[in-house]
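Peer 1: Please find the sequence and the predicted model below.
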Amino acid sequence: MWGKLKAVSSFAILMGVVVLLAKVDQTFNLSNAPYLLIAGGIIGLIFSLIGSNKESSFLCRVGLHKYKRGKRDSEVPAMYVYTCERCGKQKKAASVV
């Protein structure tokens, strides 16, 4: 649920900024809609950060993990398993180097 709230809030902020930059509010008479979208998105992001306590580090909750390259994946030789040093989250990614 918290992941969906984070995605919806981010989309609301993006739409508010796009509407402000495109000056659509003057064309369609949306006087406060961009500002409400941005404010609602920020409030939603704050609630999603407070609500998701599964990761201990604040930077990991925001999405700024500190990955360290580990061993190779057993199924695909070009893939490495990366592990976050703070929270232990793992991801697989191809590495050229």
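Peer 2: Received the coordinates, thanks. Residues are numbered from 1 along each chain as shown.

Peer 1: Ala93 is in contact with Tyr80, isn't it?
Peer 2: Yes: counting by CB atoms under 8 Å, Ala93 sits close enough to Tyr80 to count as a contact (6.3 Å). Every residue, glycine included, has its C-beta placed from N, CA and C.

Peer 1: what about the two, which has more around it?
Peer 2: Shown here are Ala93 and Tyr80; by other CB atoms under 10 Å, Tyr80 has more neighbours (18 against 12).

Peer 1: show me the contacts for that one.
Peer 2: By CB atoms under 8 Å, 6 or more residues apart in numbering, the contact set of Tyr80 is 69-73, 92-95.

Peer 1: As a markdown table, these with pLDDT and secondary structure would be great.
Peer 2: Formatted as a markdown table, the contacts of Tyr80 follow (pLDDT from 0 to 100; DSSP: H, G, I helix; E, B strand; the rest coil):
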| residue | pLDDT | secondary structure |
| --- | --- | --- |
| Arg69 | 89 | strand |
| Gly70 | 88 | strand |
| Lys71 | 87 | strand |
| Arg72 | 86 | strand |
| Asp73 | 82 | coil |
| Lys92 | 89 | strand |
| Ala93 | 89 | strand |
| Ala94 | 85 | strand |
| Ser95 | 72 | coil |
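
Peer 1: Let me know the closest of these to Thr27.
Peer 2: If you rank those by distance to Thr27 using CB to CB, Ala93 comes first, at 43.0 Å.

Peer 1: how about the helix ranked longest in the chain: buried residues?
Peer 2: When the chain is parsed with DSSP state H, its longest helix is helix 2-22. Buried residues in helix 2-22, counted by 16 or more other CB atoms under 10 Å: 5-6, 9, 12-13, 16, 19.

Peer 1: Would you quantify the distance from the residue most central in space within the chain to Ser10?
Peer 2: Centroid-nearest residue in the chain: Gly63, 5.9 Å away (criterion: CA atoms, centre = their mean). Here Gly63 is placed at a distance of 10 Å from Ser10 (CB to CB, to the nearest Å).
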